[in-house]
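# this one's structure only:
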């Protein structure tokens with residue numbers, strides 16, 4: 001296990017073996033050595049192997065050995081998820097904490113208000129909770145407010161801008177979603193720092209979803225098709241590109257073109273199911289996507 005230096009305070013653990021994403025540790029060289037001695041680095045690797053993880057497996061400067069995860073805001077998330085997830089996941093999570101979702105949210109609020117290094121992380125986790133479509137804990141208006149503040153605080157950070165885009169979508173501010181995604185794509189085209197080409201798919205899906213939500217089918221079809229094309233013939237599945245295929249199928253179902261919808265769903269099924277899409281796709285293969293599910297959440301499930 002060897003970290004590669006990104007800059008003076010960031011270290012990347014490249015993907016290897018069963019890792020689904022790279023690891024990213026925020027630390028000085030001296031702190032990194034301590035994290036490695038404390039086996040935190042090994043847990044960063046373990047978390048990077050989890051199904052559904054995207055982006056990076058992160059560790060903050062104050063991370064330390066935990067029960068499977070490096071400690072740092074994780075207990076609050078287990079508290080929340082143990083109170084909201086169904087079945088065996090909830091049952092297992094309750095072995096770690098009692099599973100009181102409200103308590104988990106209150107704990108995160110405390111970290112947001114009084115934390116130092118983990119305050120921003122807690123805020124991002126709360127925004128994630130507040131933008132869950134259909135959740136009784138959803139609060140998209142507050143998510144827009146907080147994510148807008150983070151975007152101002154980190155004006156050149158693609159993740160913060162995309163969090164803002166997701167929040168706008170959940171708050172049904174379609175025109176602002178389109179405006180923000182245009183700016184996001186412009187930054188990619190101009191090769192702005194940190195705005196990587198691999199982020200194009202998510203921006204296109206976000207913009208297409210805003211048109212989709214307004215039933216502007218031609219614009220949505222064009223943009224979802226463009227997002228699916230970001231696969232560029234790769235056999236390695238890209239989360240947003242595969243989801244774009246599913247969205248294309250949903251549009252065709254809503255338009256009554258069942259054969260075309262089935263074609264898109266089957267294309268999506270050909271890729272390895274790294275994110276748990278298969279269950280949703282198989283449901284659409286057996287029963288057409290319907291308006292009662294419309295428009296759905298922006299990020300893929």
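That came in fine, so what should we check first? Values in this document were obtained by computation on a predicted structure and should not be read as measured data.
# okay, CA-based contacts and neighbour counts for the rest of this
Will do.
# Mind jotting down where the helices sit in the stretch 101-250 of the chain?
Here the stretch 101-250 of the chain has its helices, by DSSP state H, counting those that start in this stretch, at 101-114, 119-130, 140-153, 158-170, 174-189, 200-213, 217-228, 239-254.
# Can you flag the weakest of the ones you listed by average pLDDT?
With a mean of 78, helix 101-114 has the lowest mean pLDDT of these.
# Any buried residues in that helix, and which?
Across helix 101-114, burial judged by 16 or more other C-alpha atoms under 10 Å covers 101, 103-105, 107-109, 111-112.
# In CSV: those, plus distance to residue 130.
Formatted as CSV, these follow (distance: C-alpha to C-alpha, whole Å):
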residue, distance to residue 130
101, 13
103, 15
104, 13
105, 10
107, 15
108, 12
109, 12
111, 16
112, 14
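# quick one: which of these is nearest residue 263?
Set against residue 263, the nearest of those by C-alpha to C-alpha is residue 101 (39.9 Å).
# what's the distance between that closest one and residue 142?
Counting by C-alpha to C-alpha, to the nearest Å, the gap from residue 101 to residue 142 is 18 Å.
# picking up where we left off before, identify whichever of the helices of the stretch 101-250 of the chain lies nearest to residue 57.
helix 119-130 (13.1 Å).
# hmm, who's touching the closest one?
For helix 119-130, contacts defined as C-alpha atoms under 8 Å, 6 or more residues apart in numbering pick out 73, 77, 105, 108-109, 111-113, 137-140, 142-143, 146-147, 167.
# So for it, what gets flagged as buried?
119, 121-130.
# same thing with stretch 254-263?
Quick answer for stretch 254-263 (16+ other C-alpha under 10 Å): 254, 258, 261-263.
# Endpoint to endpoint, that stretch covers what distance?
For stretch 254-263, the end-to-end distance is 14 Å (C-alpha to C-alpha).
# Distance from the chain centre to it, please.
28 Å (C-alpha atoms, centre = their mean, to the nearest Å).
# Ok, stretch 226-239 next?
Centroid separation for stretch 226-239 versus its chain: 17 Å, with C-alpha atoms, centre = their mean.
# Give the buried residues for it.
226-231, 237-239.
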